[in-house]
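*Asks:* What follows is a predicted structure for the sequence shown.
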Amino acid sequence: MPADDPITAIDLAAEMSFSADKRVRKDLVGTGTIMVQMVCFEAGQQGVLHAHKDRDEIFLAIEGRGSLVLETGGKRSVLNVVRGQLVHVPAGTAHMARADKGERFAMLFTKSGGDSQPPP
């Protein structure tokens, strides 16, 4: 990182926010070349199945437990994820995060390059 770029330290516990209405997404870092976001789910909530054709995505579970629904080549699978696990989702792989019933779930995710539009 060039010396004139600001260095950012973020208190993840302070940034966690949950809502009974829907998942909560927060932008944490965005530089134009990389973005880091947090998504927090109340028990039983889920995101929307989507794919990014030109970029990989890295997820880090930071609270609770949940799963990633993955779909590629017409085959769907479910990967159970717990706090502390890191998951790489290759470009073109449809994916959706969801919280287990009875437990909150929070993840960080980072993206670089390619399309920069967040899922619906």
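*Replies:* Yep, that arrived.
*Asks:* Spell out for me which residue occupies the centre of the chain.
*Replies:* The centroid of the chain falls nearest to residue 109 when counting by C-alpha atoms, centre = their mean (3.8 Å).
*Asks:* Need the contact partners of the helix or strand hosting that one.
*Replies:* Per DSSP states H and E: residue 109 is located in strand 105-112. With C-beta atoms under 8 Å, 6 or more residues apart in numbering as the test, strand 105-112 has contacts from 12, 16, 28, 33-41, 43, 52, 55-66, 81, 97-99. Backbone N, C-alpha and C define where each C-beta goes, glycine included.
*Asks:* Look at the residue nearest to the centre of the chain and report its pLDDT.
*Replies:* pLDDT for residue 109: 95.
*Asks:* Any idea how many residues pack against residue 40?
*Replies:* Counted by other C-beta atoms under 10 Å, the residues lying close to residue 40 total 22.
*Asks:* by contact count, what packs against whatever helix or strand it lives in?
*Replies:* For residue 40, the host element (DSSP H and E) is strand 34-41. If you count contacts as 3 or more C-beta pairs under 8 Å, 6 or more residues apart in numbering; DSSP states H and E, strand 34-41 packs onto strand 24-30, strand 57-72, strand 94-99, strand 105-112.
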